[in-house]
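Trainee: 3D model of this:
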Amino acid sequence: MTHWPPPAPTAPLAVLVSGGLDSAILLGEAARVYPRVHPLYVRTGAVWEPVERRHLLRFIAALGSPAVAPVVTLDLPVADVYGPHWSLTGRDIPDAASADEAVFLPGRNVILLAKALIWCHLNGVPEVATAPLGSNPFPDATDEFYDGFAGVVSRAVGGRVAVLRPYATLGLHKLDVLRRGAGMPLGNTFSCIDPVGELHCGQCNKCAERKQGFRDAAMTDPTTYAG
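Mentor: The predicted structure follows:
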């Protein structure tokens, strides 16, 4: 892939969305050219999901694109495999000083893509786009993983479904993606893993990443932080 979004797609596209900056901008860019874009939100039971999903709905409403279909929520609870993990309990949330590895969620992309790809197959959507960055260090964000997993599901359903990851393919970093989102309602996105009411906590690993991203991109951060 040398260009995103493609110039004149004719098929619909699904986009794996959370409520965060990268996937929201990916959705906004796709909505400019695709005839129909289906946002897929996978709910696993993480503590931040209720707030995150409300922000996603606000972002889509503010985007105001007729190409964007209603959000499809796919439930895949992970409490039975994750146990007392910080993402489910809200205890010992990785703080701003923690390394990126501290927020690794085991098998996260397996969980996100499993139902998403089957939904695509059953609904006649040939591709799902996701928004890892070129700097993503995790083992489930490699080309081998994405292509291999899509191939396994394609064989399982007797069809063909593909995973697009344009930002990683283009080698983009957070500041590059943020600049692509200039003019979008980014104040309605949500990145926090330890929300305070409806607000970003301002103290967790993901809030620190968000703040740094806006600084690196030399853009005004529209976020209200609790602390």
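Trainee: those helices in this protein, which residues are they?
Mentor: Secondary structure of the chain (DSSP state H): helices at 21-31, 49-63, 79-82, 86-89, 108-122, 143-157, 166-169, 174-180, 205-216.
Trainee: Tell me the buried residues in the fourth one?
Mentor: Neighbour-count burial for helix 86-89, counted by 16 or more other CB atoms under 10 Å, picks out 86-88. The way it works is simple: take the backbone N, C-alpha and C, and place the C-beta from them, glycine included.
Trainee: rewinding a little: out of the helices of the chain, indicate the one that is most buried.
Mentor: helix 21-31 (a mean of 25; mean count of other CB atoms under 10 Å).
Trainee: between it and helix 205-216, how many degrees?
Mentor: 60 degrees (axes from the mean of the first three to the mean of the last three CA atoms, to 10 degrees).
Trainee: and the angle for helix 21-31 with helix 49-63?
Mentor: Using the same axes, to 10 degrees: helix 21-31 against helix 49-63 is 30 degrees.
Trainee: packing partners for the longest strand along the chain?
Mentor: As assigned by DSSP state E, the longest strand anywhere in the chain is strand 37-43. If contacts are counted by 3 or more CB pairs under 8 Å, 6 or more residues apart in numbering; DSSP states H and E, strand 37-43 sits against strand 13-16, helix 21-31, helix 49-63, strand 72-75, helix 108-122.
Trainee: so can I have a markdown table of the ones you listed showing mean pLDDT and distance to Val37?
Mentor: Below are these laid out as a markdown table (pLDDT from 0 to 100; distance: least, CB to CB, whole Å):
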| stretch | mean pLDDT | distance to Val37 |
| --- | --- | --- |
| strand 13-16 | 98 | 5 |
| helix 21-31 | 98 | 5 |
| helix 49-63 | 98 | 10 |
| strand 72-75 | 98 | 11 |
| helix 108-122 | 97 | 12 |
